[in-house]
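Enquirer: Predicted model and sequence follow; I will ask about them next.
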Amino acid sequence: MQNKRYWIGVASRDHVMNAVQSGFAQLCHGKQAPLKKMNTGDWIIYYSPKVDYKESIPHQKFTAIGKVIDDNVYQVDMRSNFLPYRRNIDFIPCEEILIHPLISKLSFIKSVKYWGYSFRFGHLEICEKDFKIIAESMVNVEKTGQEAFFTNDLIN
């Protein structure tokens, strides 16, 4: 069995909410390559720099967390000339959290001053420790009943 890996996807909140509702991940405007790097059992957290794709209202929150549930990378026909690739994700209940309180705690952020630079490519792999820092802030065990998430899946 392959080691579990942890990812961050970058997308506006409106796009993330559509993905959560439909149970898929789509990265880098529908590119296939970042999705092919993921494996069944990997985890993804979405970071949303802004609220809406077409507007510039800042959001700067981690907005969703989910697990890759199969090896299927597939293409969908959204409209003419746009055929994005997707992966099936089992999203879990979570709270959106501001990135600012976590910036100095996350090892993938190399500069506190230029923290946004880490998200420039639209996706990145992070270490398990960083994933846990974010996930534990997003998943309120008492509210969501996700005790098994932390005791069984995430920690093992």
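Expert: On my side now, so go ahead. Numbering: from 1, shown residues only.
Enquirer: Give the ranges of residues in this structure that sit below the confidence cut-off.
Expert: 1-2, 141-156 (pLDDT under 70).
Enquirer: Does Thr8 lie in a helix or a strand, and which?
Expert: Slight slip there: residue 8 is Ile, not Thr. If you go by DSSP states H and E, Ile8 is part of strand 6-10.
Enquirer: Tell me which residues are up against that strand.
Expert: With contact meaning C-beta atoms under 8 Å, 6 or more residues apart in numbering, strand 6-10 is reached by 25, 27, 34, 37-38, 42-49, 108, 119, 122-128, 130-131. Using the backbone N, CA and C atoms, a C-beta is placed for each residue, glycine as well.
Enquirer: again, only this time at 7 Å
Expert: 25, 27, 38, 42-47, 49, 119, 122-128, 131 (C-beta atoms under 7 Å, 6 or more residues apart in numbering).
Enquirer: Partner strands of that strand, with direction?
Expert: strand 43-50 (parallel), strand 123-126 (antiparallel) (DSSP bridges).
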